[in-house]
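give me a model of this one.
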Amino acid sequence: MNNKTEVKKDFKEKSVLVSREFEAPVADVWRAFTESELLDQCGRHLHGGLKPNT
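Numbers count the residues shown, from 1 in each chain. As a prediction, this is how the structure comes out:
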């Protein structure tokens, strides 16, 4: 499994696509990114771990 976050930038279209695979059921990942109490937990866990790919 690839845990690398991929960032694709299209300056002409002014768009950015960020993707990552998770080794978890889709429903759990969806909940983690849509329910505020879970997102807060995830944010604390990842704080400092997300860096722009320039």
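
for E23, phi and psi?
In terms of degrees, to the nearest 10, the main-chain angles of E23 are phi -90, psi 70.

check it and give its pLDDT.
With respect to pLDDT, E23 scores 87.

quick one: it from V16, how far?
Distance, E23 to V16, by Cβ to Cβ, to the nearest Å: 24 Å. Placement of C-beta: from N, CA and C, glycine included.

can you pull out the strands in the protein?
Here the chain has its strands, by DSSP state E, at 6-10, 15-19.

taking strand 6-10 as reference, get the angle to the last one.
For strand 15-19 against strand 6-10, the angle between stretch directions is 170 degrees (axes from the mean of the first three to the mean of the last three Cα atoms, to 10 degrees).

quick one: strands adjacent to strand 15-19?
Applying DSSP bridges, strand 15-19 is found paired with strand 6-10 (antiparallel).

the strands of the chain into JSON lines, with extra columns for mean neighbour count, mean pLDDT and distance to D28?
Output for these, formatted as JSON lines (neighbours: other Cβ atoms under 10 Å; pLDDT from 0 to 100; distance: least, Cβ to Cβ, whole Å):
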{"stretch": "strand 6-10", "mean neighbour count": "11", "mean pLDDT": "93", "distance to D28": "21"}
{"stretch": "strand 15-19", "mean neighbour count": "10", "mean pLDDT": "92", "distance to D28": "17"}
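
looking at those, which is nearest to S36?
Of all these, it is strand 15-19 that lies closest to S36, at 20.1 Å by Cβ to Cβ.

contacts for that closest one?
With Cβ atoms under 8 Å, 6 or more residues apart in numbering as the test, strand 15-19 has contacts from 5-10.

any chance of these in TSV, plus distance to T34?
Below are the contacts of strand 15-19 laid out as TSV (distance: Cβ to Cβ, whole Å):
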residue	distance to T34
T5	19
E6	21
V7	21
K8	23
K9	25
D10	26
